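**Student:** attaching a predicted model along with its sequence, questions to come.
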Amino acid sequence: MEIKKFFSFKKQYLVIVKSVIFGFCLLILLTWMNEILDLPFYLFGGQKTILNWQEMLIETILLLIVAFITLKSMFNQFLVCNSMEDKLERFNKVLLLITQINQDILWIKSKQQLCDLICSGFVKYDYKFVWIGFCDEETKRIVPQSQAGFEDGYLEEINITHGQDKSNLAPEVMAVKLKRSSVMRFIAKGTDYSSWSKQALSRGYMSLAAVPIFIKDKVIGVLNFYSGKEDAFDDKEINLLEDFVHNVSMSLEYVDNEIERANLEEEKNKLLKTLEAATDAIDIATPEGIIKYTNKAMEELFGYENRELIGRNINILNVNPEVDGGGEGIISALREKGCWEGDILNKRKDETEFISHTKVAAYRDKEEKIISIIAIYRDITERKRMENLLKDRKEWLEKAVKERTDELMKVQIELDAAKRLSDLGKFGATIAHELRNPLGVIRMAVYNLKQKVKNADIKRHLDSIDKKVTESDLIIKNILGYSCLKPPVFEKISCKEVVTECLISISSKYNELKAQVKVDFNRGEGGFIYADRIQMIELFSNIMDNAFQALSGQNGTIECKGNYQREKNILKVVFKDSGIGMDPEDLNRIYEPFFTKKIRGIGLGLSLCRQIVLFHGGKLDINSIKNQGTEVIVSLPITRENRDKEIDK
């Protein structure tokens, strides 16, 4: 320090000497010019004129001007010298501090320690406040990692975000956005920092420098230096800080790599312990199939010792590597899907064979290149034997159940037929003979009257008569159908066409409702099935008639959707209305003959529908909620081969 003071005094002395010499030379020049002005008097024999008081005044003023210029030059040189001395001393201190921190960085093992060392080191020098922040990509904030110096809640008061907000022009933010150092030499005079200037100035921050931290050309954070002096950062100091931050970036990358390597090593050890404790046999091989690792269960299952398998091709464990996806087949599947699972016929060291359920997965590097293959084996020989035994038993049971079901179906049909004949045989024949003919005459008479009568009121009454005749005819059909239902005559029909035909016929009876009716069959198909067309018309007519009646005078909706499930060999036709619905206790009795709570009908419609569906090997499901509506699901086999099989719900 004494040597620096000596050299500083010496430089100031030289500046003063230079200024005095400059003033003396200027005085000589002025005197010489005065002599030049008197030269003509000597050449022409004249004598030198004695200066009067005016000339003396002029020369005195000139001498004063020379003295002022000399003194001003001396003062300016003195100030410049002092400023250069201060900057040189500051630069040397920063350089010494950075050198010391760079030496300490070599022993740092964590990011937090590194950041704490940097902040505390610079604050000890001459900076009022130093902090390091790292970018959070999700919140677009610069999150403080470490700080040192006088802060007093400053970081909590300011908004440090580097998102799309263009109004935030703080040096910390601009350093991240522009990827270069940002310096605010005069905070009190700056406009870019005006939103934060009050907080900064209240804590004595007069200037600051923000230097971005890079890792692989990406800004990950920023190192911020705050000074209590204005214009505290010159270009040389900024360059020095940038070089230092470059070293910090490399140190951060090294610390991150070391942490990642330690974590990977720890995960590797945990994985190896887990693999050794696993009950399933596990091996790890190269993409070429060369075994690199096997666990204890692998030795027990295949009979090889670990040293006998390491370095050998995995194909030695398979009876036929080319079958069941073995060998190259597994590698191809891994390249496409990343995993493979299946049953493989393996062989042990003693050549005995067994079946294993094998799961294989590929482990890839950052470039998505396969670097290792992990395989897990589980002996399922006994399970396969039991599965085959159960399969044989299942086929035998299915055959026996089918035969028994056929017998029961025949008996059930006979019993139902006998019951229907005993209950309604004579009654149905009488109704058909006594009522159908008069109803036909009435219908014909109504038709003729409609053609002749033009009075609207009379036509409305005739329509009511025709409607009642149609309802009476439907009741007669239900009675006859229930008492004399015959086995279906199967033919290929379009279920969609039958539904549409029934809809046109039934909806004409309920024109006053103005209900919205929708028919939709999936895939644009007509719902072709093998069924009895006449019985299908009876089935769908009864269901639709019930739906219209359930609307109870309201303009509701009726939907009919056909779901053609070819993979299950099933056609599901769903009828849904927005009518009055049914009580739960009534829903349990809907298939009982003659059970009804409606004003019209005798309660045989749904009983008939159920019998038709059962005759076709199908299923009829009805769901209803009071005051919300009813849903009727008709499940029918598409082909006759599926008629006797059970249809899933």
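**Tutor:** Structure's in. What do you need? Residues are numbered from 1 along each chain as shown.
**Student:** quick check: end-to-end length of stretch 307-319?
**Tutor:** End-to-end distance of stretch 307-319 (Cα to Cα, to the nearest Å): 21 Å.
**Student:** and stretch 152-171, by the same measure?
**Tutor:** Looking at stretch 152-171, the gap from its leading to its trailing residue is 20 Å under the measure Cα to Cα.
**Student:** residue contacts, Glu382?
**Tutor:** When the contact criterion is Cβ atoms under 8 Å, 6 or more residues apart in numbering, Glu382 has no partners at all. Every C-beta, even on glycine, is put in place using the N, C-alpha and C of the backbone.
**Student:** please identify which helix or strand holds it.
**Tutor:** In this assignment (DSSP states H and E), Glu382 forms part of helix 381-452.
**Student:** what's the helix or strand containing Lys198 packed up against?
**Tutor:** Under the assignment given by DSSP H and E, the secondary-structure element containing Lys198 is helix 194-202. Helices and strands touching helix 194-202, as assessed by 3 or more Cβ pairs under 8 Å, 6 or more residues apart in numbering; DSSP states H and E, comprise helix 154-157.
**Student:** residue boundaries of the strands in the stretch 101-250 of the chain?
**Tutor:** Chain-ordered strands for the stretch 101-250 of the chain, with DSSP state E, counting those that start in this stretch as the definition, fall at 129-136, 141-149, 182-184, 207-215, 218-227.
**Student:** Serialize those strands to a markdown table and add fields for mean neighbour count, mean pLDDT and distance to Leu264.
**Tutor:** Listed next are those as a markdown table, based on neighbours: other Cβ atoms under 10 Å; pLDDT from 0 to 100; distance: least, Cβ to Cβ, whole Å:
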| stretch | mean neighbour count | mean pLDDT | distance to Leu264 |
| --- | --- | --- | --- |
| strand 129-136 | 22 | 90 | 22 |
| strand 141-149 | 19 | 88 | 24 |
| strand 182-184 | 24 | 88 | 37 |
| strand 207-215 | 22 | 90 | 19 |
| strand 218-227 | 23 | 90 | 21 |
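**Student:** residues of the helix holding Lys198 that come out buried?
**Tutor:** Within helix 194-202, the residues scored as buried using 16 or more other Cβ atoms under 10 Å are 196-197, 199-200.
**Student:** mind listing what Leu155 touches?
**Tutor:** Going by Cβ under 8 Å, 6+ apart, Leu155 touches 131, 144, 147.
**Student:** what pairs with the second one across the strands?
**Tutor:** Put plainly, it is Pro144. Applying DSSP bridges to Pro144 yields these beta-bridge partners: Gly133.
**Student:** 10 is where my numbering starts, stick with that
**Tutor:** All right, first residue 10 from here; so that's Pro153.
**Student:** quick one: contacts for Ile642?
**Tutor:** Ile642 makes contact with 581-583, 628-632 under the criterion Cβ under 8 Å, 6+ apart.
**Student:** now it, what's its secondary structure?
**Tutor:** Secondary structure, DSSP: H, G, I helix; E, B strand; the rest coil: Ile642 is strand.
**Student:** report the beta-bridge partners for it.
**Tutor:** Beta-bridge partners for Ile642, by DSSP bridges, are Val583, Asp630.
**Student:** ok, now how distant is it from Ser616?
**Tutor:** In this structure, Ile642 and Ser616 are 17 Å apart, going by Cβ to Cβ, to the nearest Å.
**Student:** likewise Val185?
**Tutor:** With distances defined as Cβ to Cβ, the gap from Val185 to Ser616 amounts to 80 Å.
**Student:** compare neighbour counts for these two and give me the winner.
**Tutor:** Between Val185 and Ser616, counting by other Cβ atoms under 10 Å, Val185 is the more crowded of the two (25 against 20).
**Student:** ok, that one - contacts?
**Tutor:** Remark: with contacts taken as Cβ under 8 Å, 6+ apart, Val185 is in contact with 144, 151, 171, 221, 228, 231.
**Student:** nearest to Ile117 among those residues?
**Tutor:** Taking Cβ to Cβ as the measure, Val231 is the one of those closest to Ile117, at 19.4 Å.
**Student:** you'd agree that closest one is up against Ala184?
**Tutor:** Yes - using Cβ atoms under 8 Å, Val231 makes contact with Ala184 at a distance of 5.0 Å.
**Student:** mutual contacts of the two, please.
**Tutor:** Common neighbours of Val231 and Ala184 are listed as 219-221 (criterion: Cβ under 8 Å, 6+ apart).
**Student:** dump those to JSON lines, plus distance to Val264.
**Tutor:** As requested, those are exported to JSON lines (distance: Cβ to Cβ, whole Å):
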{"residue": "Ala219", "distance to Val264": "22"}
{"residue": "Val220", "distance to Val264": "19"}
{"residue": "Pro221", "distance to Val264": "18"}
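**Student:** Lys301 belongs to a strand?
**Tutor:** Yes - using three-state DSSP, the secondary structure at Lys301 is a strand.
**Student:** could you dump the strands of the stretch 110-259 of the chain into CSV and include distance to Lys245?
**Tutor:** Output for the strands of the stretch 110-259 of the chain, formatted as CSV (distance: least, Cβ to Cβ, whole Å):
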stretch, distance to Lys245
strand 138-145, 19
strand 150-158, 23
strand 191-193, 13
strand 216-224, 12
strand 227-236, 14
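**Student:** closest to Leu249 out of the ones you listed?
**Tutor:** Nearest to Leu249, of the strands of the stretch 110-259 of the chain and by Cβ to Cβ, is strand 216-224 at 10.3 Å.
**Student:** next, Gly351: phi, psi?
**Tutor:** Recorded main-chain torsions at Gly351 are phi 180, psi -180, according to degrees, to the nearest 10.
**Student:** next one, pLDDT for it please.
**Tutor:** You'll see Gly351 listed with a pLDDT of 86.
**Student:** that one reaches Thr367, doesn't it?
**Tutor:** Yes - with contacts counted by Cβ under 8 Å, Gly351 reaches Thr367, the gap being 6.4 Å.
**Student:** those two: who's more crowded?
**Tutor:** Regarding Gly351 and Thr367, a neighbour count based on other Cβ under 10 Å identifies Thr367 as having more, with 24 against 15.
**Student:** shaky segments in the stretch 310-459 of the chain?
**Tutor:** By pLDDT under 70, the weakly predicted segments of the stretch 310-459 of the chain are 330-337, 423, 426-442, 445.
**Student:** which residue would you name as the spatial centre of the chain?
**Tutor:** The chain has Glu147 as the residue nearest its centroid, 14.4 Å off, counting by Cα atoms, centre = their mean.
**Student:** how near is that residue to Ile268?
**Tutor:** Here the criterion is Cβ to Cβ. By it, Glu147 lies 21 Å from Ile268.
**Student:** one step back: looking at the strands of the stretch 110-259 of the chain, which is nearest to Lys403?
**Tutor:** With Cβ to Cβ, the closest approach to Lys403 among these belongs to strand 138-145: 59.7 Å.
**Student:** and stretch 566-574, how far out from the chain's middle?
**Tutor:** Computed by Cα atoms, centre = their mean, to the nearest Å, the chain-centroid distance of stretch 566-574 equals 35 Å.
**Student:** list the buried ones in that stretch?
**Tutor:** 566-569, 571-573.
**Student:** export those to a markdown table and tack on pLDDT and distance to Ala371?
**Tutor:** A markdown table is the format used below for the buried residues of stretch 566-574 (pLDDT from 0 to 100; distance: Cβ to Cβ, whole Å):
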| residue | pLDDT | distance to Ala371 |
| --- | --- | --- |
| Thr566 | 88 | 54 |
| Ile567 | 88 | 55 |
| Glu568 | 89 | 50 |
| Cys569 | 90 | 51 |
| Gly571 | 88 | 45 |
| Asn572 | 86 | 40 |
| Tyr573 | 82 | 41 |
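**Student:** good, we can wrap up now.
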